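J.: sharing a model that was predicted from the sequence below.
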Amino acid sequence: MQHFDVAIIGLGPAGAALARQLAGKKRVLALDKKQQRGTGGFMKPCGGLLAPDAQRSFIRAGITLPVQVMADPQIFSVQTLDVQTGIERNYQRSYLNIDRHAFDLWMKSLIPDSVTVHHDALCRKIWRENSLWHLSYVADGQTFEATATYLVGGDGANSMVRRQLYPDHEIRKYVALQQWFADRHPSPFYSCVFDNQTTDCYAWSICKDGYFIFGGAFAMKEGREHFEELKNRLLPFDFRFGEPVKNEKCTVLCPSRWQDFVCGKDNAFLIGEAAGFISASSLEGISYALDSAEILAEVLHAAPENANALYRRKTRGLRLKLLGKVVKNRCLTTPWIRAAIMKSGISHIPLNRETAIQARA
């Protein structure tokens, strides 16, 4: 049985960033259910937009994005639609349009060889014994066991580590449904859709490399029915769907209170969405995945006597920021408040219809 300083479960943006930053200074084991090449294994359903906070994280790390993770086109505004009132507004945004699966694989490729990484692996069991964390996992068709001083859960919404640490913890969850279509729109666009008749969260669309991607977060019960209903309600707004070429589905967390953010205990830590670090107003999580990984790397490098207390203290600012997103979510998903904001025209950039028609031609 091998022993490691740190065992990381999940190599999404959070886990991959942490493994990269610990490499060479800690003996690290990293397990991930994605394959490293091709389109096999787990693929995260995601609109694939890199927010400014995530971009700043790469600036701090001195990392530039390669062309193979970028998608076409780059869109600088979001068309926000309130289906119930029919109000449409156009807001400037500075997102980067990326291929999410290619991005995840690229993030893993940055992990140095000094880290023991198992791709397409499954962690079956974790437990604490004699002040160490024990793991049983399957990789390359074989079952292995290992021990670690520190355990890190970067394993997303359905985090095994979070369930182990907080078996009674509950957080609001949605089913995220997403479909890909051949793009038949005259010009590409990115949209944010609100419709309280089908979901008390929101839906989105993005044009990417010749495809039109439409997705949304819906109540776990009857989510598929509400998804199809929303598609029908969007037809009068010139949303063009057709036959889907790909269907995607996953669980997504949506924090609604301070207690939803859980950092870990007993030398185990949660980062990214596993910790509830995801924006309640936009469901954007890459920024907070990268930020929490950066904070935890600093804590583990310092090796304090009570690493969990230090991690909680250092993530307080991040959690306060996310609490602000909870307040924003309540405003945006309350019909009369949302309608008042959109009717005010604050930050709205009117679209020059004549220029837009010429551009489409």
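T.: Great, that's in hand. Numbers count the residues shown, from 1 in each chain.
J.: make it CA atoms for all contacts and neighbour counts henceforth
T.: OK.
J.: any idea how far the top strand by length along the chain is from the chain center?
T.: When the chain is parsed with DSSP state E, its longest strand is strand 142-153. Offset of strand 142-153 from its chain centre (Cα atoms, centre = their mean, to the nearest Å): 24 Å.
J.: contacts for that strand, please.
T.: For strand 142-153, contacts defined as Cα atoms under 8 Å, 6 or more residues apart in numbering pick out 1-10, 15, 131-138, 159-162, 267-271, 274.
J.: give the partner strands of that strand in its sheet and their orientations.
T.: Strand 142-153 sits in its sheet next to strand 2-9 (parallel), strand 132-139 (antiparallel), strand 268-270 (parallel), going by DSSP bridges.
J.: tell me the buried residues in it?
T.: Buried residues in strand 142-153, counted by 16 or more other Cα atoms under 10 Å: 145, 146, 147, 148, 149, 150, 151, 152, 153.
J.: just the buried residues of the contacts of strand 142-153.
T.: Buried among the contacts of strand 142-153 by 16+ other Cα under 10 Å: 3-10, 15, 132-135, 137-138, 159-162, 267-271, 274.
J.: tell me the pLDDT of the most centrally placed residue in the chain.
T.: What sits nearest the mean C-alpha location of the chain, by Cα atoms, centre = their mean, is residue 285, with 3.6 Å. At residue 285, the model reports a pLDDT of 95.
J.: surely it touches residue 275?
T.: No. Using Cα atoms under 8 Å, residue 285 makes no contact with residue 275, being 10.8 Å away.
J.: distance check, residue 170 against residue 55.
T.: Applying Cα to Cα, to the nearest Å, the value for residue 170 to residue 55 is 31 Å.
J.: thinking again about what came up before, could you identify the helix or strand that succeeds the longest strand of the chain?
T.: Sequence-wise, the next helix or strand downstream of strand 142-153 (DSSP states H and E) is helix 160-165.
J.: show me what the next helix or strand after that next one is packed up against.
T.: Towards the C-terminus, the helix or strand next in line after helix 160-165, according to DSSP H and E, is strand 173-182. With contacts taken as 3 or more Cα pairs under 8 Å, 6 or more residues apart in numbering; DSSP states H and E, strand 173-182 sits against strand 211-218, helix 223-234, strand 246-253.
J.: could you redo the last one with a cut-off of 10 Å?
T.: Contacts defined by 3 or more Cα pairs under 10 Å, 6 or more residues apart in numbering; DSSP states H and E place strand 173-182 against strand 203-208, strand 211-218, helix 223-234, strand 246-253.
J.: need those in TSV with mean neighbour count, distance to residue 174 and mean pLDDT, can you?
T.: Formatted as TSV, those follow (neighbours: other Cα atoms under 10 Å; distance: least, Cα to Cα, whole Å; pLDDT from 0 to 100):
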stretch	mean neighbour count	distance to residue 174	mean pLDDT
strand 203-208	24	12	96
strand 211-218	24	5	97
helix 223-234	16	8	98
strand 246-253	17	5	94
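J.: closest to residue 338 out of those?
T.: Residue 338 sits nearest to strand 203-208 of all the helices and strands packed on strand 173-182, at 14.8 Å, using Cα to Cα.
J.: hmm, back to that, from the buried residues of strand 142-153, which is closest to residue 79?
T.: For those, the closest approach to residue 79 (Cα to Cα) belongs to residue 153, at 35.3 Å.
J.: beta-bridge partners for the closest one, please?
T.: Residues in beta-bridge contact with residue 153 (DSSP bridges): residue 9, residue 270.
J.: quick thing: my sequence starts at 13, can you match it?
T.: Done: numbering now begins at 13, and the last item shifts to residue 165.
J.: one step back: and the longest strand of the chain, C-alpha only, in PDB?
T.: Provided in PDB are the C-alpha atoms of strand 154-165 (Å, rounded to 0.1, in the frame of the first residue of the first chain):
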ATOM      1  CA  GLN A 154      -7.100  -3.500 -11.100                       C
ATOM      2  CA  THR A 155      -8.000  -2.600  -7.500                       C
ATOM      3  CA  PHE A 156      -5.500  -0.600  -5.400                       C
ATOM      4  CA  GLU A 157      -5.400   0.800  -1.900                       C
ATOM      5  CA  ALA A 158      -3.400   3.800  -0.700                       C
ATOM      6  CA  THR A 159      -3.200   6.100   2.300                       C
ATOM      7  CA  ALA A 160      -2.800   9.800   2.500                       C
ATOM      8  CA  THR A 161      -2.200  12.500   5.100                       C
ATOM      9  CA  TYR A 162      -4.500  14.900   3.400                       C
ATOM     10  CA  LEU A 163      -7.600  14.000   1.300                       C
ATOM     11  CA  VAL A 164      -9.100  16.500  -1.200                       C
ATOM     12  CA  GLY A 165     -12.500  16.300  -2.900                       C
END
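J.: good, wrapping up.
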